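Asks: The amino acid sequence is not available; the structure is as follows:
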């Protein structure tokens, strides 16, 4: 028995998907005939041949006048598999993405090391081959086209004012947050807006992508060179 007045999503492939589908159809009929406020919003398929099962389910639902019931596909999905399903005209209304959204399969370990960039007001820099860093307190400035699309980023000293909007803000000081955390809705909206502002080629799959341009300011390069000269003279 359904307990929520909101349309619910029912998983059908836990044991016997064919039998479960028929039971869902029977339940949908029963609910409709009784005038119940409860309803079935979607059927979820989580394993097996997702494309074949989705087609079978859609045909069965439509044949039994259950066209309002949607189909949700899930199960180890990523953007490439979703693209293949969509390009094959699979009858699907929504996707449930879990593992590949919560972990980084291609880089399971995040290699992070602390590098001192400034001490007592003096810029510092690591000079080891292959691990050299840019010195001092820095800021990243992003330029946009008139349409709002991102054009390029420039890494500069924090006291520089090149073209573009500064991206970095302080969020921690002395072990405490210096700004309040954003609401989930605001984070979601920011993510959607930022994705839409990416150059079109960076939002495509399986195409030759031109690297997004990121440059180092001349002032920052000059600072690094000056530190190198001073270090070698010591």
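Replies: Great, that's in hand. Source: prediction; values computed, not measured. Numbering: from 1, shown residues only.

Asks: For the helix or strand of the chain with the lowest mean pLDDT, report the contacting residues that lie outside it.
Replies: Every helix and strand of the chain was ranked by mean pLDDT, DSSP states H and E. The lowest is helix 99-102, at a mean of 84. Helix 99-102 has contacts (C-beta atoms under 8 Å, 6 or more residues apart in numbering) with 76-79, 105. Any C-beta I mention is one placed from the backbone N, CA and C, and that applies to glycine too.

Asks: now stretch 186-193
Replies: Contacts for stretch 186-193 (C-beta under 8 Å, 6+ apart): residue 182.

Asks: hang on, the earlier thing: tell me the buried residues in the least confident helix or strand of the chain?
Replies: Of all the residues in helix 99-102, those buried under the rule 16 or more other C-beta atoms under 10 Å are residue 100.

Asks: Can you name the element that comes right after it?
Replies: Scanning forward in sequence from helix 99-102 by DSSP states H and E, the next helix or strand is strand 118-119.

Asks: Now do the domain split for this protein, please.
Replies: 8-102, 118-233 (automatic domain parsing).

Asks: show me what contacts residue 96?
Replies: 44, 46, 72-74, 77 are the contacts of residue 96 under C-beta under 8 Å, 6+ apart.

Asks: Would you reformat these as JSON lines and include neighbour count and secondary structure?
Replies: Formatted as JSON lines, the contacts of residue 96 follow (neighbours: other C-beta atoms under 10 Å; DSSP: H, G, I helix; E, B strand; the rest coil):
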{"residue": "44", "neighbour count": "17", "secondary structure": "strand"}
{"residue": "46", "neighbour count": "19", "secondary structure": "coil"}
{"residue": "72", "neighbour count": "19", "secondary structure": "strand"}
{"residue": "73", "neighbour count": "24", "secondary structure": "strand"}
{"residue": "74", "neighbour count": "16", "secondary structure": "strand"}
{"residue": "77", "neighbour count": "19", "secondary structure": "coil"}
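
Asks: so which of these comes closest to residue 144?
Replies: For the contacts of residue 96, the residue nearest residue 144 by C-beta to C-beta is residue 77; the value is 32.2 Å.

Asks: What degree of burial does the nearest residue to that closest one once chain neighbours are set aside show, as a neighbour count?
Replies: Nearest residue to residue 77, sequence neighbours excluded (C-beta to C-beta, 6 or more residues apart in numbering): residue 97, at 5.1 Å. With neighbours defined by other C-beta atoms under 10 Å, the count for residue 97 comes to 16.
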